[in-house]
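Student: what's the 3D shape of this:
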Amino acid sequence: MDLTCSNCAFAFFTDPLKMAIVLVSFLLAIIFFIWIKYNKDGSTNKKLALIYSHIFFLVFPFIFYILFRGCVSYFSSCDKLRPIIMLLFLTGLIAAVLGLVIAPFLFIRKHLRNATEMKNNYLTKFLNKHSDKILGIYLLDMAKPIAFSTCNFKHRIFISVGILDLLTRKETEAVLLHELAHINNKSSLLKSSTFVLRLFSPLSSFSTFHNELSREEIKADKFAIKSQGTNRHLKTAKRKIDGFYLY
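Tutor: Numbers count the residues shown, from 1 in each chain. Below you'll find the model as predicted:
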(Lines give C-alpha, C1' and ligand atoms only; values in the text may rest on other atoms or scores of the structure.)
Protein backbone atom coordinates (compact mmCIF):
# COMPACT_ATOMS: atom_id res chain seq x y z
CA MET A 1 0.00 0.00 0.00
CA ASP A 2 1.45 3.36 -0.98
CA LEU A 3 1.66 6.41 1.28
CA THR A 4 -1.39 8.10 -0.29
CA CYS A 5 -3.57 5.05 0.31
CA SER A 6 -2.24 4.75 3.87
CA ASN A 7 -3.10 8.38 4.54
CA CYS A 8 -6.66 8.08 3.24
CA ALA A 9 -7.19 4.86 5.17
CA PHE A 10 -5.97 6.57 8.34
CA ALA A 11 -8.25 9.51 7.54
CA PHE A 12 -11.26 7.32 8.30
CA PHE A 13 -10.26 7.24 11.97
CA THR A 14 -9.79 11.01 12.11
CA ASP A 15 -13.19 11.81 10.58
CA PRO A 16 -15.48 12.80 13.50
CA LEU A 17 -18.69 11.83 11.66
CA LYS A 18 -17.43 8.39 10.66
CA MET A 19 -16.10 7.65 14.12
CA ALA A 20 -19.38 8.83 15.65
CA ILE A 21 -21.26 6.37 13.40
CA VAL A 22 -18.90 3.55 14.46
CA LEU A 23 -19.31 4.36 18.15
CA VAL A 24 -23.11 4.57 17.86
CA SER A 25 -23.14 1.20 16.10
CA PHE A 26 -21.10 -0.44 18.85
CA LEU A 27 -23.27 1.24 21.48
CA LEU A 28 -26.42 -0.16 19.83
CA ALA A 29 -24.75 -3.60 19.74
CA ILE A 30 -24.20 -3.36 23.51
CA ILE A 31 -27.79 -2.18 24.08
CA PHE A 32 -29.21 -5.10 22.10
CA PHE A 33 -26.95 -7.51 23.99
CA ILE A 34 -28.21 -6.18 27.34
CA TRP A 35 -31.75 -6.51 26.00
CA ILE A 36 -31.04 -10.14 25.09
CA LYS A 37 -29.60 -10.80 28.55
CA TYR A 38 -32.64 -9.46 30.39
CA ASN A 39 -35.33 -10.58 27.94
CA LYS A 40 -36.49 -13.51 30.08
CA ASP A 41 -40.00 -14.19 28.81
CA GLY A 42 -39.87 -13.03 25.20
CA SER A 43 -40.88 -15.23 22.29
CA THR A 44 -38.29 -17.13 20.29
CA ASN A 45 -38.85 -14.78 17.34
CA LYS A 46 -38.09 -11.80 19.58
CA LYS A 47 -34.95 -13.45 20.92
CA LEU A 48 -33.77 -14.19 17.38
CA ALA A 49 -34.50 -10.60 16.33
CA LEU A 50 -32.45 -9.29 19.26
CA ILE A 51 -29.54 -11.65 18.53
CA TYR A 52 -29.34 -10.64 14.87
CA SER A 53 -29.74 -6.96 15.70
CA HIS A 54 -26.75 -7.34 18.01
CA ILE A 55 -24.76 -9.12 15.28
CA PHE A 56 -25.85 -6.51 12.70
CA PHE A 57 -24.46 -3.60 14.72
CA LEU A 58 -21.27 -5.53 15.48
CA VAL A 59 -20.65 -6.22 11.79
CA PHE A 60 -21.75 -2.77 10.57
CA PRO A 61 -18.56 -0.79 11.51
CA PHE A 62 -16.32 -3.23 9.61
CA ILE A 63 -18.42 -3.08 6.44
CA PHE A 64 -18.63 0.70 6.87
CA TYR A 65 -14.83 0.92 7.04
CA ILE A 66 -14.33 -1.29 3.97
CA LEU A 67 -16.70 0.79 1.83
CA PHE A 68 -15.91 4.27 3.15
CA ARG A 69 -12.29 4.23 4.21
CA GLY A 70 -11.30 6.45 1.26
CA CYS A 71 -8.80 4.16 -0.46
CA VAL A 72 -11.48 2.56 -2.57
CA SER A 73 -13.61 4.13 -5.25
CA TYR A 74 -16.82 2.13 -4.87
CA PHE A 75 -18.85 5.22 -4.10
CA SER A 76 -16.87 8.22 -5.25
CA SER A 77 -19.83 10.04 -6.77
CA CYS A 78 -21.94 12.63 -5.03
CA ASP A 79 -24.81 10.17 -4.72
CA LYS A 80 -24.68 9.06 -1.07
CA LEU A 81 -28.05 7.25 -0.94
CA ARG A 82 -26.88 4.28 -3.01
CA PRO A 83 -23.83 3.51 -0.85
CA ILE A 84 -25.87 3.81 2.34
CA ILE A 85 -28.47 1.36 1.02
CA MET A 86 -25.68 -0.95 -0.14
CA LEU A 87 -24.00 -0.70 3.27
CA LEU A 88 -27.17 -1.64 5.15
CA PHE A 89 -27.95 -4.44 2.69
CA LEU A 90 -24.47 -5.97 2.91
CA THR A 91 -24.46 -5.81 6.71
CA GLY A 92 -27.88 -7.43 6.94
CA LEU A 93 -26.89 -10.07 4.40
CA ILE A 94 -23.72 -10.97 6.30
CA ALA A 95 -25.60 -11.20 9.61
CA ALA A 96 -28.25 -13.43 8.02
CA VAL A 97 -25.70 -15.67 6.30
CA LEU A 98 -23.80 -16.10 9.57
CA GLY A 99 -26.94 -17.19 11.39
CA LEU A 100 -28.94 -19.08 8.78
CA VAL A 101 -26.23 -20.68 6.66
CA ILE A 102 -22.78 -20.78 8.25
CA ALA A 103 -23.80 -21.58 11.83
CA PRO A 104 -26.13 -24.51 10.99
CA PHE A 105 -23.54 -25.81 8.53
CA LEU A 106 -20.79 -25.74 11.15
CA PHE A 107 -23.18 -27.22 13.69
CA ILE A 108 -24.15 -30.30 11.64
CA ARG A 109 -21.37 -30.83 9.08
CA LYS A 110 -19.45 -33.36 11.18
CA HIS A 111 -22.65 -35.38 11.70
CA LEU A 112 -23.79 -35.41 8.08
CA ARG A 113 -20.72 -37.44 7.11
CA ASN A 114 -21.90 -40.49 8.99
CA ALA A 115 -25.66 -39.96 8.77
CA THR A 116 -28.18 -41.77 6.59
CA GLU A 117 -31.58 -40.30 5.83
CA MET A 118 -34.40 -42.55 6.98
CA LYS A 119 -37.37 -42.83 4.63
CA ASN A 120 -40.72 -44.59 4.83
CA ASN A 121 -40.18 -46.36 8.14
CA TYR A 122 -42.25 -46.24 11.32
CA LEU A 123 -40.34 -43.23 12.69
CA THR A 124 -40.97 -41.06 9.63
CA LYS A 125 -44.63 -42.10 9.62
CA PHE A 126 -44.88 -41.28 13.31
CA LEU A 127 -43.46 -37.77 12.82
CA ASN A 128 -45.60 -37.11 9.75
CA LYS A 129 -48.60 -37.95 11.91
CA HIS A 130 -47.62 -35.28 14.46
CA SER A 131 -46.31 -32.57 12.14
CA ASP A 132 -47.35 -30.87 8.92
CA LYS A 133 -43.75 -29.78 8.26
CA ILE A 134 -41.48 -31.53 5.78
CA LEU A 135 -38.96 -33.25 8.02
CA GLY A 136 -35.79 -35.16 7.31
CA ILE A 137 -34.86 -37.87 9.82
CA TYR A 138 -31.21 -38.94 9.84
CA LEU A 139 -29.72 -41.98 11.52
CA LEU A 140 -26.24 -41.41 12.97
CA ASP A 141 -23.87 -44.36 12.90
CA MET A 142 -22.68 -44.09 16.50
CA ALA A 143 -23.23 -46.08 19.67
CA LYS A 144 -23.71 -43.03 21.90
CA PRO A 145 -27.41 -42.23 22.44
CA ILE A 146 -27.83 -38.71 21.08
CA ALA A 147 -30.62 -36.80 19.40
CA PHE A 148 -30.82 -33.23 18.15
CA SER A 149 -32.57 -31.14 15.54
CA THR A 150 -31.73 -28.32 13.16
CA CYS A 151 -34.07 -25.75 11.74
CA ASN A 152 -33.00 -23.45 8.94
CA PHE A 153 -33.77 -24.05 5.25
CA LYS A 154 -34.51 -27.71 5.99
CA HIS A 155 -35.89 -29.22 9.16
CA ARG A 156 -33.77 -32.18 10.28
CA ILE A 157 -33.90 -34.52 13.26
CA PHE A 158 -30.83 -36.63 14.01
CA ILE A 159 -30.95 -39.75 16.17
CA SER A 160 -28.17 -42.23 16.73
CA VAL A 161 -28.13 -46.00 16.44
CA GLY A 162 -27.44 -45.91 20.18
CA ILE A 163 -30.86 -44.34 20.78
CA LEU A 164 -32.63 -47.13 18.89
CA ASP A 165 -30.62 -49.81 20.70
CA LEU A 166 -31.12 -48.32 24.16
CA LEU A 167 -34.74 -47.14 24.14
CA THR A 168 -38.08 -48.78 23.59
CA ARG A 169 -40.30 -47.69 20.73
CA LYS A 170 -42.41 -45.43 22.95
CA GLU A 171 -39.32 -43.89 24.53
CA THR A 172 -37.84 -43.21 21.09
CA GLU A 173 -41.10 -41.57 20.06
CA ALA A 174 -40.91 -39.36 23.18
CA VAL A 175 -37.41 -38.24 22.14
CA LEU A 176 -38.63 -37.51 18.59
CA LEU A 177 -41.54 -35.46 19.94
CA HIS A 178 -39.11 -33.52 22.11
CA GLU A 179 -37.01 -32.67 19.04
CA LEU A 180 -40.11 -31.86 17.00
CA ALA A 181 -41.05 -29.33 19.67
CA HIS A 182 -37.65 -27.68 19.22
CA ILE A 183 -38.38 -27.32 15.52
CA ASN A 184 -41.90 -25.99 16.12
CA ASN A 185 -40.59 -23.47 18.68
CA LYS A 186 -37.57 -22.55 16.50
CA SER A 187 -35.35 -23.36 19.44
CA SER A 188 -33.04 -25.34 17.14
CA LEU A 189 -32.48 -22.10 15.23
CA LEU A 190 -32.02 -20.33 18.56
CA LYS A 191 -29.29 -22.83 19.47
CA SER A 192 -27.39 -22.26 16.23
CA SER A 193 -27.84 -18.49 16.61
CA THR A 194 -26.35 -18.55 20.09
CA PHE A 195 -23.49 -20.56 18.57
CA VAL A 196 -22.92 -17.65 16.14
CA LEU A 197 -23.05 -15.22 19.03
CA ARG A 198 -20.39 -17.14 20.96
CA LEU A 199 -18.29 -17.34 17.81
CA PHE A 200 -18.38 -13.67 16.81
CA SER A 201 -19.43 -11.58 19.79
CA PRO A 202 -16.82 -10.65 22.42
CA LEU A 203 -19.70 -10.08 24.86
CA SER A 204 -20.98 -13.66 24.65
CA SER A 205 -18.97 -14.74 27.71
CA PHE A 206 -21.27 -12.48 29.77
CA SER A 207 -24.45 -14.07 28.42
CA THR A 208 -26.93 -16.31 30.23
CA PHE A 209 -28.01 -18.32 27.20
CA HIS A 210 -27.76 -21.61 29.07
CA ASN A 211 -30.80 -20.42 31.04
CA GLU A 212 -32.67 -19.63 27.82
CA LEU A 213 -31.87 -23.04 26.38
CA SER A 214 -32.92 -24.73 29.62
CA ARG A 215 -36.32 -23.09 29.32
CA GLU A 216 -36.56 -24.35 25.74
CA GLU A 217 -35.80 -27.88 26.97
CA ILE A 218 -38.63 -27.65 29.52
CA LYS A 219 -41.06 -26.48 26.82
CA ALA A 220 -40.02 -29.37 24.55
CA ASP A 221 -40.53 -31.84 27.40
CA LYS A 222 -44.03 -30.50 28.01
CA PHE A 223 -44.91 -30.93 24.33
CA ALA A 224 -43.75 -34.56 24.33
CA ILE A 225 -45.64 -35.33 27.54
CA LYS A 226 -48.82 -33.68 26.26
CA SER A 227 -48.61 -35.52 22.93
CA GLN A 228 -48.19 -38.92 24.59
CA GLY A 229 -50.55 -38.21 27.46
CA THR A 230 -47.96 -39.36 29.99
CA ASN A 231 -44.49 -38.43 31.22
CA ARG A 232 -43.49 -42.06 31.75
CA HIS A 233 -41.82 -42.68 28.40
CA LEU A 234 -39.85 -39.43 28.35
CA LYS A 235 -38.81 -39.90 31.96
CA THR A 236 -37.48 -43.42 31.43
CA ALA A 237 -35.78 -42.37 28.17
CA LYS A 238 -33.90 -39.61 29.98
CA ARG A 239 -32.97 -41.94 32.82
CA LYS A 240 -31.54 -44.52 30.40
CA ILE A 241 -29.59 -41.89 28.42
CA ASP A 242 -28.21 -40.30 31.59
CA GLY A 243 -27.27 -43.73 32.89
CA PHE A 244 -25.35 -44.51 29.69
CA TYR A 245 -23.10 -41.48 30.21
CA LEU A 246 -22.60 -42.20 33.91
CA TYR A 247 -21.06 -45.61 33.33
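
Student: Need the per-residue pLDDT for Ile241.
Tutor: Ile241 is assigned 92 on the pLDDT scale.

Student: And for Tyr52?
Tutor: 82.

Student: That one touches Ser193, doesn't it?
Tutor: Yes: counting by C-beta atoms under 8 Å, Tyr52 does reach Ser193; the two are 7.3 Å apart. All C-beta atoms are positioned from the backbone trio N, CA, C, and that covers glycine.

Student: More neighbours: which of the two?
Tutor: Using other C-beta atoms under 10 Å as the criterion, Tyr52 and Ser193 rank with Ser193 on top: 26 against 20.

Student: Give me the contact list for stretch 155-171.
Tutor: By C-beta atoms under 8 Å, 6 or more residues apart in numbering, the residues outside stretch 155-171 that reach it are 108, 111, 115, 122-123, 127, 133-150, 172, 175-176, 179-180, 183, 228, 233-234, 236-237, 240-241, 244.

Student: what's the domain layout of the chain?
Tutor: Annotated domains of the chain cover 3-107, 109-246 [automatic domain parsing].

Student: Would you single out the least confident of the ones you listed?
Tutor: domain 3-107 (a mean of 74).

Student: Out of the domains of the chain, which one sits most buried?
Tutor: Most buried of the domains of the chain, by mean neighbour count (mean count of other C-beta atoms under 10 Å): domain 109-246, with a mean of 17.

Student: Could you give the separation of it from the chain centroid?
Tutor: Mean-position distance between domain 109-246 and its chain equals 15 Å (C-alpha atoms, centre = their mean, to the nearest Å).

Student: Span of that domain from start to end?
Tutor: Domain 109-246 has an end-to-end distance of 27 Å (C-alpha to C-alpha, to the nearest Å).

Student: please begin residue numbering at 47 from this point
Tutor: Happy to do that; since the first residue is 47 now, the last one works out to domain 155-292.

Student: who does the longest helix along the chain touch, helix- and strand-wise?
Tutor: Looking across the chain with DSSP state H, the single longest helix is helix 90-114. Counting contacts by 3 or more C-beta pairs under 8 Å, 6 or more residues apart in numbering; DSSP states H and E, helix 90-114 is packed against helix 62-84, helix 127-143, helix 233-246.

Student: and Val105, which of those is closest to it?
Tutor: Val105 lies closest to helix 127-143 among the helices and strands packed on helix 90-114, at 5.3 Å (C-beta to C-beta).

Student: Leu133 and Ile140: what is the separation?
Tutor: The gap separating Leu133 from Ile140 is 11 Å, by C-beta to C-beta, to the nearest Å.

Student: shared neighbours of those two, anything?
Tutor: What both Leu133 and Ile140 touch, as defined by C-beta under 8 Å, 6+ apart, is the set Ile109.

Student: and Gly289, what does it touch?
Tutor: For Gly289, no contacting residues are found, by C-beta under 8 Å, 6+ apart.

Student: does it count as helix, strand or coil?
Tutor: Under DSSP: H, G, I helix; E, B strand; the rest coil, the three-state class of Gly289 is helix.

Student: From Ala75, how far off is it?
Tutor: Counting by C-beta to C-beta, the gap from Gly289 to Ala75 is 44 Å.

Student: Could you do Gln274 as well?
Tutor: The gap separating Gln274 from Ala75 is 43 Å, by C-beta to C-beta.

Student: Thanks again, I'm all set now.
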